[in-house]
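In: Fold the following, please.
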Amino acid sequence: MSHPETVRNILRSHDFHAPAARKKPFISKVNEKKRLKFARCCLAKPKEFWKSVIFVDESKFNVFGSNGKQKVWRRPITELKLRNLRATVKHGGGSQLVWGCMSSIGIGNLELIDSKVNKYVY
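Out: I've put the predicted structure just below:
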């Protein structure tokens, strides 16, 4: 039986790596077909139509740190060195939800949102 590190080294020598799997939202077959139909419909729209469209989106910004995992390359004996640590604050440090829009005319204001977004807030 081969040692796990030997197997990893052989895989790496053949350009295999093991990063975290990329995330992909689950989309049912029904919704996949609806999305494809919508996309094809959008392709047929004339340029003038897109001048009347407003694109909107919202995003969450963390005040301190990141929600994701952070990796650091280090030797085992250097785990507590300052450059190998990630600072944290109690209770996550908070976050801010923002909403913005843009159109063919330009970019709209970035609005701070302090409540849950429902159809009335949106």
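In: just so I have it, where are all the strands in this structure?
Out: Assigned strands in the chain, in chain order: 54-62, 95-103, 111-113 (criterion: DSSP state E).
In: Tabulate those in JSON lines, adding columns for mean neighbour count.
Out: Every C-beta, even on glycine, is put in place using the N, C-alpha and C of the backbone. Formatted as JSON lines, these follow (neighbours: other Cβ atoms under 10 Å):
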{"stretch": "strand 54-62", "mean neighbour count": "11"}
{"stretch": "strand 95-103", "mean neighbour count": "14"}
{"stretch": "strand 111-113", "mean neighbour count": "12"}
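In: Figure out which of these is closest to Leu36.
Out: strand 54-62 (20.0 Å; Cβ to Cβ).
In: can I get the strands of the chain in TSV with mean pLDDT and distance to Leu36?
Out: Formatted as TSV, these follow (pLDDT from 0 to 100; distance: least, Cβ to Cβ, whole Å):
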stretch	mean pLDDT	distance to Leu36
strand 54-62	91	20
strand 95-103	93	25
strand 111-113	91	32
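In: Which one, of these, ends up nearest to Val89?
Out: In terms of Cβ to Cβ, the element of the strands of the chain nearest to Val89 is strand 54-62, at 10.4 Å.
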